[in-house]
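Visitor: okay, here's the prediction I keep looking at, along with the sequence it came from:
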Amino acid sequence: MKHGNDMSLKKNMVRVVTLCCLFIMLGVQRKVSAANNLQSASFASDKVTVQVGKTVNVAINVKPAGAEYYVSSWSIDSTGIVKAEFAGDDSSLKLKALSVGTTHITIKISDFANHTFSSKLTVTVTGTKVKKRTKKQIRAFIKKSKVTTKAKVSYKKKPKASYPYKAGELSAKTQKSALKMMNNIRYIAGLDANVKLDSKYTKLAQAASLVNAANNELSHFPGKPSKMSESLYETGYEGAGSSNIAMGFDNLNDALVNGWMSDGDSYNIDRVGHRRWVLNPPLAKVGFGAVNRYMAMYAFDQSGKGTQSMVYWPAQTMPLAYFDNNDPWSVSTGQILDKKKIKVTMTRLSDKKKWTFSAKSKSGYFNVDNANYGQTGCIIFRPKNIKYKSGNKFKVKITGIPTGTVTYTVTFFKL
């Protein structure tokens, strides 16, 4: 064993002891100076809003102005939303926005007489705006994709949902067709529409479909089918827990448009979680699976660069073929919302008919969901007894969102 650094270590220990003694002495001196004691200390503001990728400085205000203090402790709810760094003299906090969402930072500010004050800062990170596509752009994009909800499911390797089990593998044609349909949907919504297939995610989605088909039951947490190998079951279990799943649809394109993007049934309407995963801005890679009308779409990828917030469905320019009369409307804000404060006013411009939605009054279905299905802070509403026609235009106004009132217009059209 080498001992060449022993003397250096001893010198460093002396320095540490000296510094500690100096700190204690300074502390004693400061305690006797009442003029330097804190009377109050807090963030200059209790709320701040910043866009993804931007940086903001939040001052720390203390009284009296000459008081000597330090940040004795601090905590942050989520490190993935902002990066926080204090100035060298603790006079301000530098925040860099990393992803859309809301988080809270709590600090304790102390002086050398053991006076401590707490302050809490709410940080809301907003995204960039979704693109408003034109009818011409949407028609051209969908025409180029050459996909419909009538697509047939075909296999490169056929699956077997009974012992001896075989996961199987979808044909490249079926996988690409589903991918193009997903990108059609994202393009309509004004998001990045360049999602790619991923072989790992495809394997997980295919195994998830097999396990559910073998059990003849749709579940994100499926039990182990009799005699299925542990490795195949574990792959299927992981896939089922990280995917949009469906049963009973003719094909994956059908499941995408009329299942996951609809989410209007009584079990899913309160959160429209499947829709929010499809429309998750940072989604960049996906995988699909299908066995005996049991289907899956891997949904948890967030490797993309999309930073949009206020994602509308129906989109601002909306083809009727992608939205049913019974489908709920949704706005994913990326912010934690208070349902009691949210009010939605929806006006059909042709006849000025209005629908209002809030916790107290609703012209149909209304809910606010703050769970992390893709983006948090989703406002969901569905007017009663309505039929959408080509040329219908609706103006939507939403109040009660922390970053301010949101207004947008939806125009329905035929492809």
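Guide: Arrived safely.
Visitor: which one is Met297 nearest to, not counting chain neighbours?
Guide: Taking Cβ to Cβ, 6 or more residues apart in numbering, and ignoring the residues beside it in sequence, Met297 has Asn244 as its nearest neighbour in space, at 4.4 Å. No exception for glycine: its C-beta is placed from N, CA and C like everyone else's.
Visitor: tell me the secondary structure at the one you found.
Guide: strand (DSSP: H, G, I helix; E, B strand; the rest coil).
Visitor: and it, how far from Phe288?
Guide: Summarising the geometry, the distance separating Asn244 from Phe288, computed by Cβ to Cβ, to the nearest Å, is 10 Å.
Visitor: which of those two has more neighbours?
Guide: Phe288 (30 against 26; other Cβ atoms under 10 Å).
Visitor: what about the more buried one, distance to Asp270?
Guide: Phe288 sits 26 Å away from Asp270, taking Cβ to Cβ as the criterion.
Visitor: one more: Arg293?
Guide: Separation of Arg293 from Asp270 (Cβ to Cβ) stands at 25 Å.
Visitor: again, but for Arg139
Guide: In this structure, Arg139 and Asp270 are separated by 34 Å, where distance is defined by Cβ to Cβ.
Visitor: what does the helix or strand where Tyr408 lies contact?
Guide: Secondary structure assigned from DSSP states H and E places Tyr408 in strand 406-413. Applying Cβ atoms under 8 Å, 6 or more residues apart in numbering, the set of residues contacting strand 406-413 from outside is 135, 310, 312, 314-320, 323, 331, 333, 349, 388-398.
Visitor: direction included, what does it pair against?
Guide: Each strand that pairs with strand 406-413, with its direction, by DSSP bridges: strand 317-319 (parallel), strand 393-399 (antiparallel).
Visitor: just the ones you listed: most buried one?
Guide: Compared across these, strand 317-319 shows the largest average neighbour count, a mean of 21 (mean count of other Cβ atoms under 10 Å).
Visitor: report all helices and strands that the helix or strand just after that strand contacts.
Guide: Tracing the chain C-terminally past strand 317-319 and defining elements by DSSP H and E, one meets strand 329-332 next. Contacting strand 329-332 under the criterion 3 or more Cβ pairs under 8 Å, 6 or more residues apart in numbering; DSSP states H and E are the following elements: helix 273-278, strand 311-313, strand 378-383, strand 393-399.
Visitor: give me that answer again for 6 Å
Guide: strand 311-313, strand 378-383 (3 or more Cβ pairs under 6 Å, 6 or more residues apart in numbering; DSSP states H and E).
Visitor: Gly304: which of those is closest?
Guide: Among the helices and strands packed on strand 329-332, the nearest to Gly304 by Cβ to Cβ is strand 311-313 (13.6 Å).
Visitor: so is Lys96 in a helix, a strand, or just coil?
Guide: When the structure is split into helix, strand and coil by three-state DSSP, Lys96 lands in strand.
Visitor: actually Pro164, not the one I typed
Guide: Local secondary structure at Pro164 is given as coil here, using three-state DSSP.
Visitor: with Ile142 instead?
Guide: Classification of Ile142 into helix, strand or coil gives helix, according to three-state DSSP.
Visitor: quick check, pLDDT for the residue nearest to it when sequence neighbours are not counted.
Guide: Across the structure, with Cβ to Cβ, 6+ apart as the measure, the residue nearest Ile142 apart from its sequence neighbours is Asn184 (5.4 Å). pLDDT, Asn184: 98.
Visitor: can you count the residues close to Asn184?
Guide: Using other Cβ under 10 Å, Asn184 is surrounded by 22 other residues.
Visitor: ditto for Thr403
Guide: What Thr403 shows, counting by other Cβ under 10 Å, is a neighbour count of 16.
Visitor: how far away is it from Ile76?
Guide: 20 Å.
Visitor: what of Asn253?
Guide: To Ile76, Asn253 is 42 Å away according to Cβ to Cβ.
Visitor: neighbour count winner among those two?
Guide: Neighbours were tallied for Asn253 and for Ile76 using other Cβ under 10 Å; the higher tally belongs to Asn253 (25 against 18).
Visitor: isn't that one up against Lys152?
Guide: No: with contact taken as Cβ atoms under 6 Å, Asn253 and Lys152 are classed as non-touching, separated by 9.8 Å.
Visitor: thinking again about what came up before, surely the residue nearest to Ile142 is within a strand?
Guide: No: when the secondary structure is assigned by three-state DSSP, Asn184 falls in helix instead of a strand.
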